[in-house]
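1. Could you look at this predicted model? Sequence included:
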Amino acid sequence: MGYNKGDNYEQNIFDLLSSKGLIATGSTRGGAGNATDIKFLYNSQEYNLEVKLDLEADYGQKMLRWDNGIWGWCVDDAVTAFYTSVGVLDIVNAKNFIPNRYSIPRDEITVQQKKQDQKAFEDKLEIDINSLYDFYGDKNCYYIQIGGYGFYHLKRDILHLGTPQLNCKMNLRFRAKTNHSNPVYKYSFYAVLKVDKKGKPKKSYYDLEQRDGRLFPPII
């Protein structure tokens, strides 16, 4: 449901920009892949835009697996490379525990053993916001729209729009999340980056949706 809401919000922003002539003919959204969400037009040139439904949205949930005593990624991509660069694999491997999920025949795992895995794996640490700026900078993405908060720049305001920089605390969370309640072994291990609720950004004075009196950014 969370993905569906986020995808619908992204489509709404795409349609809004399209209605203003700020989407190139034939352009499509990035969707659930690693491509930037939307490309908008400024002086007839395309620029990348990240879109988040709200502050609860994650910045890339990725699954880990344990194999022969070592944690690694189920799938390698740009986000997992970023997570590795900020030390995710070092952190989870330093926990030095043998997960029941990968060391006991799956049909024999009990609820108690699942809870043991959750307690041993789950954790949270703060990530330097500059790491997020660099991640998006490497994707040539410098702007972000967050529902209810507005339009910001990330690493740099490359178009000199006068946007505020997204400034907030980011937490990297480790979760052993239930996929299905039955059978018991249907749970997986994830890393996900989210905004820390105790370090929320100030609302921007620009907003593509122009909510609560905020202005549409000077995109021409």
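-> Received, thanks.

2. what sits against the residue nearest the centre of the chain?
-> The geometric centre of the chain, computed from its C-alpha atoms, lies nearest to Tyr59 (C-alpha atoms, centre = their mean), at 0.8 Å. Shown in contact with Tyr59 (C-beta atoms under 8 Å, 6 or more residues apart in numbering): 52, 132, 170, 192-194. Where C-beta positions appear, they are placed from N, C-alpha and C, glycine not excepted.

3. from those, which single one is nearest Val92?
-> Val192 (12.9 Å; C-beta to C-beta).

4. how much space between the closest one and Asn179?
-> For Val192, the distance to Asn179 equals 15 Å [C-beta to C-beta, to the nearest Å].

5. So which residues of this structure form helices?
-> With helices called from DSSP state H, the chain shows them at 2-19, 78-85, 88-94, 100-103, 111-121, 129-138.

6. export those to JSON lines and tack on distance to Phe40?
-> Shown next, in JSON lines, are those (distance: least, C-beta to C-beta, whole Å):
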{"stretch": "helix 2-19", "distance to Phe40": "5"}
{"stretch": "helix 78-85", "distance to Phe40": "21"}
{"stretch": "helix 88-94", "distance to Phe40": "31"}
{"stretch": "helix 100-103", "distance to Phe40": "43"}
{"stretch": "helix 111-121", "distance to Phe40": "39"}
{"stretch": "helix 129-138", "distance to Phe40": "15"}
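
7. The nearest residue to Ser27 once chain neighbours are set aside: how many residues sit nearby?
-> Of all residues not flanking Ser27 in the chain, Lys39 sits nearest, at 5.5 Å (C-beta to C-beta, 6 or more residues apart in numbering). For Lys39, the count of nearby residues is 21 (other C-beta atoms under 10 Å).
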